[in-house]
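Chemist: Quick one, what's the 3D model for this:
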Amino acid sequence: MAVIGMITDSHYNRQIQYGSRYCPDSLVKLQAALAVFRTAGVDLVINLGDSLDCHGLMHLDEDSLADLQELLASASVPVYSVMGNHDLELLDKAHFCRAFALPSLFPLSFNHGNCHIILLDAAFSEDGQDTCGPQWDWRDSWIPAEQIAWLQADLAASTHPFNLVCVHQNLDIRATEGPEDPHCIRNAAAVRTVLQDSGRRIIVLQGHYHPGMRQLQQGIPYLTLR
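Modeler: Numbering: from 1, shown residues only. Take a look at the predicted model:
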């Protein structure tokens, strides 16, 4: 049985504070989370994105990135980090994967214990361009058709009893902030159709929406970590 620890939206930076975000404090909170995971016997950590926050900066704070790398490396178990919109403000996707010790660009999947784990990338514009850099609108989030086809094939090949679909932006249906919640992937309905039609037992794990949320839609739990 897999024992998995989940973290999300640390928004760490040594030098930034804005609104209710005290970004320097995040490192201590992550240290505390890893301590809890060790006590609980966690054998894998999944980080659902927005690890870094470069709000207003025009250059990557290499020291902040190094702090995160050192801390996550101390986890003593594998850590898989999903790309969030803030992570890609000053990192491109290849740099992110190198920095967070990921084996390849997204999407990717692997097996762990009784789980098949899928990591998706929703950092695309409608026309399939990577949404990297400080000028992109964080609300313009899409999963391209090629990745949806990959997801369908990957789920069809899965033989594990649990399938965990991990993504930073949100896939469930909601209207918490007007007609369409901007935290949701714009073409989420197409992805949900693949999940629902797969016949697999699926749990969707998400970050991005800081208040957190739990929903059950068409038999699939959508868990948005607070």
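Chemist: For the protein, which segments count as strands?
Modeler: 4-7, 17-18, 21-22, 44-47, 79-81, 108-112, 115-119, 162-167, 202-206, 213-217, 220-224 (DSSP state E).
Chemist: Export the ones you listed to JSON lines and append columns for distance to residue 173 and mean neighbour count.
Modeler: For the C-beta atoms, the positions are set from N, CA and C on the backbone; glycine is no exception. Output for those, formatted as JSON lines (distance: least, C-beta to C-beta, whole Å; neighbours: other C-beta atoms under 10 Å):
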{"stretch": "strand 4-7", "distance to residue 173": "22", "mean neighbour count": "20"}
{"stretch": "strand 17-18", "distance to residue 173": "31", "mean neighbour count": "12"}
{"stretch": "strand 21-22", "distance to residue 173": "28", "mean neighbour count": "14"}
{"stretch": "strand 44-47", "distance to residue 173": "23", "mean neighbour count": "22"}
{"stretch": "strand 79-81", "distance to residue 173": "26", "mean neighbour count": "22"}
{"stretch": "strand 108-112", "distance to residue 173": "24", "mean neighbour count": "16"}
{"stretch": "strand 115-119", "distance to residue 173": "20", "mean neighbour count": "22"}
{"stretch": "strand 162-167", "distance to residue 173": "15", "mean neighbour count": "23"}
{"stretch": "strand 202-206", "distance to residue 173": "12", "mean neighbour count": "22"}
{"stretch": "strand 213-217", "distance to residue 173": "6", "mean neighbour count": "13"}
{"stretch": "strand 220-224", "distance to residue 173": "9", "mean neighbour count": "19"}
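Chemist: Adding mean pLDDT and distance to residue 151, write those out as CSV.
Modeler: Below are these laid out as CSV (pLDDT from 0 to 100; distance: least, C-beta to C-beta, whole Å):
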stretch, mean pLDDT, distance to residue 151
strand 4-7, 97, 20
strand 17-18, 92, 35
strand 21-22, 92, 32
strand 44-47, 98, 17
strand 79-81, 97, 17
strand 108-112, 97, 9
strand 115-119, 98, 7
strand 162-167, 98, 8
strand 202-206, 98, 11
strand 213-217, 95, 17
strand 220-224, 98, 13
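Chemist: would you turn these into a markdown table with distance to residue 68?
Modeler: Converted to a markdown table, the strands of the chain look like this (distance: least, C-beta to C-beta, whole Å):
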| stretch | distance to residue 68 |
| --- | --- |
| strand 4-7 | 11 |
| strand 17-18 | 17 |
| strand 21-22 | 16 |
| strand 44-47 | 9 |
| strand 79-81 | 9 |
| strand 108-112 | 20 |
| strand 115-119 | 18 |
| strand 162-167 | 18 |
| strand 202-206 | 20 |
| strand 213-217 | 26 |
| strand 220-224 | 22 |
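Chemist: now for those strands, which one comes closest to residue 53?
Modeler: strand 21-22 (6.9 Å; C-beta to C-beta).
Chemist: ok, residues contacting that closest one?
Modeler: 11, 53, 55 (C-beta atoms under 8 Å, 6 or more residues apart in numbering).
Chemist: Tell me who's in contact with the last one.
Modeler: Applying C-beta under 8 Å, 6+ apart, one finds that residue 55 lies in contact with 13, 16, 18, 21, 23, 86, 89.
Chemist: the helices in this protein, which residues?
Modeler: 26-40, 62-73, 93-99, 145-157, 188-197 (DSSP state H).
Chemist: Near residue 173, how many residues? Count them for me, please.
Modeler: Using other C-beta atoms under 10 Å, residue 173 is surrounded by 15 other residues.
Chemist: what sits opposite the nearest residue in space to it that is not next to it in sequence in the beta ladder?
Modeler: Sequence neighbours aside, residue 217 is the residue nearest to residue 173 in space, at 6.0 Å (criterion: C-beta to C-beta, 6 or more residues apart in numbering). Beta-bridge pairing of residue 217 under DSSP bridges involves residue 220.
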